[in-house]
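Student: Structure of the sequence below:
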Amino acid sequence: MVAFIVRRMWQALLVIIVMSMLVFYGVFVIGNPIDVLISPDATQEIRQQIITQYGLDLPIWQQYLHFMNALIHGDLGRSFVYNMPVVELIASRFPATMELATMAILLASAIGIPLGIYAGYRPNGWPSKAIMAASILGFSVPTFWIGLMMIMVFAVELGVLPAGGRGEAVSIFGIPWSFPTATGLQHLILPAANLSLFKMSMMIRLAASGTREIMLTDTIKFARAAGIDEFTILRRHVLRLISIPLVTVFGLELGSTIAFAVVTETIFSWPGLGKLIIDSITSLDRPVMIAYLMMVSLLFITINLAVDLAYAVLDPRMRQGDGK
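Tutor: Take a look at the predicted model:
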């Protein structure tokens, strides 16, 4: 098990180094931030002074080495636009995005997995067919359109939920969270529901297909022959056997939800990282763009590493096979 963990961590470190190169060089070639930050009326002396101040006159390989040296020491640079450390800027926006993404994934799992297991357990019933049909809509309908319809129905027509914003937040261990307050929870419902629909559909179809396959195995036949009731079979056998793909989806979708919640955050005016990265791309705020992309890359690498370790715990054959 120790060799398995060490091997996976070395692989993760190698991927981080490669991704840092791709991110840095990719952001470098999309444009010159000086053209956006400096007025066209500025003199050549002022222009050259600012270029030198930010180190943009250095060769790209030298800029990358300076970036990696600063990254090792926990410094992601200073925002060109906000004139503050990028770490502080991202840290101020990250709790809102993390709260929204976590609520969306928990909502998708809490609803999608039971519905998927039921649809796979009784595949010929009309409720199961309705569940599977609804899951297709979750894949097909664009997220932004569903979000706009939610605002129109629940905020404009019915007036029961707010259309945007984060609402009142309380500080827990120095981090602002909105879900503990009544107004914050009301503001969280619509964006979390909108963000969870695609994930919920995926959970439904994955759980349904896994349940249908497992219900035909000898394990279930022997369990029934032993007189075990159906609920216990579903809880102890079916749920455990489909847990590996569900763990994979839960981990990867949590990362993708955090990384790509831009549309939902924009529609519902949610003050998270999505709006920040859009503004940074518009203004070519290079340090913020690099830091955000590196954070997303590190997030996915960490989640994949955690999923691999979870695999090894759930299925000992994997770590044994890896050792061989």
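Student: all strands for the stretch 151-300 of the chain, in order.
Tutor: 170-172, 175-177 (DSSP state E, counting those that start in this stretch).
Student: now for the first one, which elements pack on it?
Tutor: It refers to strand 170-172. strand 175-177 (3 or more C-beta pairs under 8 Å, 6 or more residues apart in numbering; DSSP states H and E). The way it works is simple: take the backbone N, C-alpha and C, and place the C-beta from them, glycine included.
Student: go on, the last one?
Tutor: For strand 175-177, the contact count by 3+ C-beta pairs under 8 Å, 6+ apart identifies helix 86-121, strand 170-172 as packing neighbours.
Student: what about 7 Å?
Tutor: helix 86-121 (3 or more C-beta pairs under 7 Å, 6 or more residues apart in numbering; DSSP states H and E).
Student: buried set for the helix it packs on?
Tutor: Buried residues in helix 86-121, counting neighbours by 16 or more other C-beta atoms under 10 Å, are found at 86, 89-90, 93-101, 103-105, 107-109, 111-113, 115-121.
Student: next one: stretch 47-63
Tutor: Quick answer for stretch 47-63 (16+ other C-beta under 10 Å): 50, 51, 54, 63.
Student: Residue 122 and residue 130 touch, don't they?
Tutor: No - at 11.7 Å, residue 122 and residue 130 do not qualify as touching, with contact defined as C-beta atoms under 7 Å.
Student: Check the buried residues of stretch 47-63 and tell me the two furthest apart.
Tutor: 50 and 63 (15.2 Å; C-beta to C-beta).
Student: quick one on the thing from earlier: dump the buried residues of stretch 47-63 to CSV, plus secondary structure and pLDDT.
Tutor: Below are those laid out as CSV (DSSP: H, G, I helix; E, B strand; the rest coil; pLDDT from 0 to 100):
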residue, secondary structure, pLDDT
50, helix, 74
51, helix, 75
54, coil, 72
63, helix, 81
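Student: now, which of those residues sits nearest residue 282?
Tutor: Closest to residue 282, out of all of the buried residues of stretch 47-63 and judged by C-beta to C-beta, is residue 54, at 18.4 Å.
Student: Grab the nearest non-local neighbour of the closest one.
Tutor: residue 80 (7.3 Å; C-beta to C-beta, 6 or more residues apart in numbering).
Student: I figured that neighbour hits residue 32, correct?
Tutor: No - the pair residue 80 / residue 32 is not scored as a contact, 11.5 Å apart, by C-beta under 7 Å.
Student: If you count surrounding residues, which of the two has more?
Tutor: residue 80 (20 against 13; other C-beta atoms under 10 Å).
Student: Quick check on the more buried one: phi, psi?
Tutor: Backbone torsions for residue 80, taken as degrees, to the nearest 10, come to phi -70, psi -40.
Student: Run through the residues that contact it.
Tutor: 33, 37, 285, 286, 287 (C-beta atoms under 7 Å, 6 or more residues apart in numbering).
Student: Can you tell me how far residue 243 is from residue 223?
Tutor: 17 Å (C-beta to C-beta, to the nearest Å).
Student: now residue 291
Tutor: 51 Å.
Student: Can you pick out the residue with more neighbours from those two?
Tutor: The residue with more neighbours, out of residue 291 and residue 223, is residue 291; 24 against 18, by other C-beta under 10 Å.
Student: so who does that one touch?
Tutor: Contacts of residue 291 (C-beta under 7 Å, 6+ apart): 76, 86, 90.
Student: Next, residue 123: secondary structure please.
Tutor: coil (DSSP: H, G, I helix; E, B strand; the rest coil).
Student: what about the stretch 101-250 of the chain, any weak spots by pLDDT?
Tutor: The stretch 101-250 of the chain contains no residues with pLDDT under 70.
Student: Output the buried residues of stretch 47-63 in TSV; the columns should cover distance to residue 186.
Tutor: Output for the buried residues of stretch 47-63, formatted as TSV (distance: C-beta to C-beta, whole Å):
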residue	distance to residue 186
50	45
51	48
54	43
63	46
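Student: how big is the angle separating the host helix or strand of residue 133 from helix 86-121?
Tutor: Residue 133 is part of helix 126-140, with elements assigned from DSSP states H and E. Angle between the axes of helix 126-140 and helix 86-121 is 150 degrees (criterion: axes from the mean of the first three to the mean of the last three C-alpha atoms, to 10 degrees).
Student: Helix 126-140: which residues count as buried?
Tutor: 128, 131, 132, 135, 138.
Student: Quick check: closest non-adjacent residue to residue 33.
Tutor: Once flanking residues are discounted, residue 33 sits nearest to residue 284: 4.0 Å by C-beta to C-beta, 6+ apart.
Student: With residue 270 instead?
Tutor: Per C-beta to C-beta, 6+ apart, closest to residue 270 is residue 191, 5.4 Å.
Student: Could you pull up the contacting residues of the one you found?
Tutor: 100, 264, 268, 270.
Student: For residue 54, see how far away it is.
Tutor: 35 Å.
Student: between the helix or strand following the helix holding residue 133 and helix 126-140, how many degrees?
Tutor: Tracing the chain C-terminally past helix 126-140 and defining elements by DSSP H and E, one meets helix 143-150 next. Here the directions of helix 143-150 and helix 126-140 differ by 110 degrees (the same axes, to 10 degrees).
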